[in-house]
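In: sequence-free structure coming up:
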Ligand SMILES: CC(C)(COP(=O)(O)OP(=O)(O)OC[C@H]1O[C@@H](n2cnc3c(N)ncnc32)[C@H](O)[C@@H]1OP(=O)(O)O)[C@@H](O)C(=O)NCCC(=O)NCCS
């Protein structure tokens, strides 16, 4: 993700969340050194999705992922997640954490496919609408990436 991606990122963000992130929030996610901020683009260079997170002392925290609504359920989310996990493993992450709305079964299905499990719940973590967050975790990142890469090739 580069500054010139942000207009398109903000469009997909607005189409994906009731309380979308601002430009400044994405700019903070692009801090060199800790950021894993990726975009997926079509062969026509249309932005199809993005994922942002950060790696701090061996932990990769995924902060945001969204795919353009018109191209959902075509593997873009899987591709972004695998690329981000590979990059996080490359820079030393061993374990991955994220929060997801308790009602967001679609995203949970994506994460479970990669081996994430629910390890906790934050009560009323979200606003608009108020809702609990599930905390999901993927440990043994190297093994998970290798397994997922094998599955992609099969
Ligand atoms: C969650 C999201 C990023 C998934 O992106 P996507 O490109 O549609 O996902 P993929 O096509 O790569 O699907 C990967 C897997 O996720 C699961 N999945 C995705 N969409 C699903 C749906 N509508 N119903 C059930 N499972 C679904 C499936 O296991 C799927 O694998 P399969 O198609 O081989 O069965 C997308 O739905 C999105 O942008 N949602 C709005 C934003 C959001 O909720 N972000 C997560 C915040 S924590």
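Out: Structure received. What you see is a predicted model, and the numbers here were worked out from it, not measured in a lab.

In: what residue lies at the spatial centre of this structure?
Out: Nearest to the geometric centre of the chain sits residue 65, at 3.6 Å (CA atoms, centre = their mean).

In: not counting sequence-adjacent ones, nearest residue to it?
Out: Closest residue to residue 65 apart from its sequence neighbours, by CB to CB, 6 or more residues apart in numbering: residue 51 at 4.3 Å. C-beta here means a position set from N, CA and C on the backbone, and glycine is covered the same way.

In: burial count for residue 144?
Out: Residues within reach of residue 144, counting by other CB atoms under 10 Å, total 19.

In: helix/strand/coil for the residue nearest to residue 65?
Out: Of the three states, residue 51 takes strand under DSSP: H, G, I helix; E, B strand; the rest coil.

In: quick one, grab the pLDDT at it.
Out: We have a pLDDT of 98 for residue 51.

In: my read: it touches residue 85, true?
Out: No: using CB atoms under 8 Å, residue 51 makes no contact with residue 85, being 9.7 Å away.

In: so where is this structure shaky, pLDDT-wise?
Out: The model of the chain has no residue with pLDDT under 70.

In: gap between residue 48 and the ligand?
Out: 8 Å (CB to the nearest ligand atom, to the nearest Å).

In: need the three-state assignment for that residue.
Out: Three-state assignment for residue 48 (three-state DSSP): strand.

In: and it, how many residues sit next to it?
Out: Neighbourhood size, residue 48 [other CB under 10 Å]: 21.

In: contacting residues around it?
Out: Residues counted as contacts of residue 48 (CB atoms under 8 Å, 6 or more residues apart in numbering) are 40-42, 67-68, 71, 76.

In: could you list which of these belong to helices?
Out: Among those, the members falling in helices (DSSP state H) are residue 76.

In: ChimeraX command for the buried members of the contacts of residue 48?
Out: The following ChimeraX line selects those of the contacts of residue 48 that are buried, judged by 16 or more other CB atoms under 10 Å:
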select :40,67,68,71,76
